[in-house]
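S.K.: just need the structure, nothing else, for what follows:
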Amino acid sequence: MRNSTIKPIVGPCIDCNRNTFLTAGRCKIDYAKHRAKVCSDRKADRPAKETPRSIKIEASKKTSKLFDKSLEQLKEIAQDAFNAYIRKRDAKDGYFVCISCNTPKSLRQMDAGHYYSRGNHSFLRYNENNVHGQCRKCNSFMSGHLIPYRENLIKKIGIEKVEELDQWRNYTIHWDKLQVIAIIQEYRKKIKEDFL
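M.R.: Numbering: from 1, shown residues only. Presented below is the predicted three-dimensional model:
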């Protein structure tokens with residue numbers, strides 16, 4: 001049964017000035033056009049999806065052994081190679097500066113700390129802007145120490161790249177073996193080329 005106390009709003013439309021039933025001050029036709037424009041503006045604000053890169057895998061005995069492993073094992077191997085690259089990138093003369101507490105520490109205390117966690121934000125798991133050298137205390141015992149992490153991250157990579165990470169945080173990706181093997185090879189190669 002309809003509620004008789006609620007009366008539809010009738011009046012002139014904001015856009016076309018017709019006297020009709022209104023929704024948010026607009027007639028049905030103009031309201032639909034307005035909503036379509038608002039939705040298209042929101043879509044324009046979203047980051048563009050990256051085009052898939054062609055996956056190049058170098059054939060070798062090591063690569064053929066990787067295909068025998070499960071996807072979870074491959075993700076862990078890729079994470080180890082990626083974290084090794086991050087540790088080498090952020091280390092200087094046997095020391096590093098923790099991105100959260102901003103104190104110099106020895107390399108034995110260094111973790112590759114994710115700003116957006118690798119478990120909840122799979123798209124950013126292997127993103128170099130999302131991962132930086134962090135001491136074990138901040139990473140493990142202080143749950144990432146995220147407020148100073150963000151402040152120092154803005155100083156290190158700039159606000160634009162941090163906002164880009166914020167936009168990508170809700171995207172998910174379902175990794176397959178080829179993608180993960182390509183990541184393993186890419187970061188093993190980067191470690192050899194960049195630091196040797």
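S.K.: contacting residues around the strand or helix carrying Lys105?
M.R.: For Lys105, the host element (DSSP states H and E) is strand 104-106. For strand 104-106, the surrounding residues in contact (Cβ atoms under 8 Å, 6 or more residues apart in numbering) are Gly94, Tyr95, Phe96, Val97, Cys98, Cys135. All C-beta spots, glycine's among them, are computed from the backbone N, C-alpha and C.
S.K.: I'd like the next helix or strand past it.
M.R.: Using DSSP H and E, the next helix or strand after strand 104-106 towards the C-terminus is strand 110-114.
S.K.: what is that following strand packed up against?
M.R.: With contacts defined as 3 or more Cβ pairs under 8 Å, 6 or more residues apart in numbering; DSSP states H and E, strand 110-114 has these neighbours: helix 71-90, strand 131-135.
S.K.: what's the most buried one of the ones you listed?
M.R.: Neighbour counts (mean count of other Cβ atoms under 10 Å) averaged over each of the helices and strands packed on strand 110-114 peak at strand 131-135, with a mean of 26.
S.K.: following that one, which helix or strand comes up?
M.R.: Next in sequence after strand 131-135, counting helices and strands by DSSP H and E, comes helix 136.
S.K.: between the helices and strands packed on strand 110-114, which one is closest to Glu193.
M.R.: helix 71-90 (10.6 Å; Cβ to Cβ).
S.K.: what's downstream of the closest one, the next helix or strand?
M.R.: Elements were assigned by DSSP H and E; along the chain past helix 71-90, the next helix or strand is strand 95-97.
S.K.: does Lys69 belong to a helix, a strand or coil?
M.R.: Local secondary structure at Lys69 is given as coil here, using DSSP: H, G, I helix; E, B strand; the rest coil.
S.K.: and it, how many neighbours?
M.R.: By other Cβ atoms under 10 Å, 15 other residues sit near Lys69.
S.K.: how close does it sit to Lys75?
M.R.: Plainly put, Lys69 is 10 Å away from Lys75 if you go by Cβ to Cβ, to the nearest Å.
S.K.: could you do Tyr115 as well?
M.R.: Taking Cβ to Cβ, one finds Tyr115 at 19 Å from Lys75.
S.K.: surely Gly133 meets Phe96?
M.R.: Yes - assessed by Cβ atoms under 8 Å, Gly133 is found in contact with Phe96 at 4.4 Å.
S.K.: now list whatever residues contact both of these two.
M.R.: Counting by Cβ under 8 Å, 6+ apart, the shared contacts of Gly133 and Phe96 are Arg87, Asp90, Met110.
S.K.: confidence score at the second one?
M.R.: What the model reports as pLDDT for Asp90 is 94.
S.K.: over to the first one?
M.R.: In this model, Arg87 is scored at 93, pLDDT.
S.K.: please apply the same query to Arg46.
M.R.: Turning to Arg46, the model gives it a pLDDT of 57.
S.K.: much appreciated, bye for now.
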